[in-house]
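>>> fold the following and give me the result.
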Amino acid sequence: MQRITNCILRHNDHILLLKKPSHGWYAMPGGKMELKESIKDSVVREYREETGLILQTPQLRGVFSMIKSNEGAVISEWMMFTFICDHYEGHLVDFCDEGELEWVPINKVLEKPMAPSDKYIHQQLLNHSQLVYGSFEYTKDYKVLKYNLD
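As a prediction, the model looks like this:
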């Protein structure tokens with residue numbers, strides 16, 4: 001099972017998002033954990049690789065299981081660990097291989113096109129302070145079949 005880490009970085013009432021070219025969706029910067037890497041080390045490394053920014057004291061705020069299925073058969077499954085952070089060091093890169101980086105006002109984040117699960121995740125994590133657990137099941141074209149957030 002693939003493990004993914006990502007982070008919602010807040011700064012001056014904005015969030016740094018990454019517009020990915022594949023769907024034109026906005027996403028939280030992050031990526032795949034490496035073998036023997038902790039989830040915190042992974043999110044700091046991935047965030048730095050994509051943005052040039054070094055997260056300072058990221059806090060784990062969401063643990064999600066994700067399943068993509070086709071007529072009941074599982075196509076893929078992954079775990080996603082989402083952090084929130086309010087402090088960073090460094091300078092934003094001018095170019096990112098993964099897509100376009102953009103500081104988006106917090107009150108405009110949900111207006112951006114994004115994976116349906118990301119909208120639910122942003123709503124939960126930006127409006128609550130406790131750790132959120134969840135699961136999402138998608139169709140092969142990323143329509144949410146069902147989800148659960150605790």
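
>>> CA only for contacts and neighbour counts going forward, please
Noted.

>>> any idea of the mean pLDDT in stretch 52-59?
Across stretch 52-59, pLDDT averages out at 98.

>>> same deal with stretch 131-148?
93.

>>> swap in stretch 30-41?
Averaging pLDDT along stretch 30-41 gives 97.

>>> list of residues touching that stretch?
Contact partners of stretch 30-41, identified using Cα atoms under 8 Å, 6 or more residues apart in numbering, comprise 2-7, 42-43, 46-47, 50, 58, 81.

>>> okay, how far is it across it, tip to tip?
Criterion Cα to Cα, to the nearest Å; first-to-last residue distance in stretch 30-41 is 11 Å.

>>> which parts of that stretch are buried?
Counting neighbours by 16 or more other Cα atoms under 10 Å, one finds that the buried residues in stretch 30-41 are Gly30, Gly31, Lys32, Met33, Ile39, Lys40.

>>> inside strands: which ones of the residues you listed?
Cross-referencing the buried residues of stretch 30-41 with the strands (criterion: DSSP state E) gives Gly30, Gly31, Lys32 as the overlap.

>>> those into a markdown table, with extra columns for distance to Asn12?
Listed next are these as a markdown table, based on distance: Cα to Cα, whole Å:
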| residue | distance to Asn12 |
| --- | --- |
| Gly30 | 21 |
| Gly31 | 25 |
| Lys32 | 28 |
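
>>> closest one of those residues to Trp103?
Checking those against Trp103 with Cα to Cα, the nearest one is Gly30 at 15.4 Å.

>>> what pairs with the one helix or strand Arg3 maps to, parallel or antiparallel?
Taking DSSP states H and E as the definition, one finds Arg3 inside strand 2-11. Take DSSP bridges as the rule and strand 2-11 pairs in its sheet with strand 14-19 (antiparallel), strand 30-32 (antiparallel), strand 73-85 (parallel).
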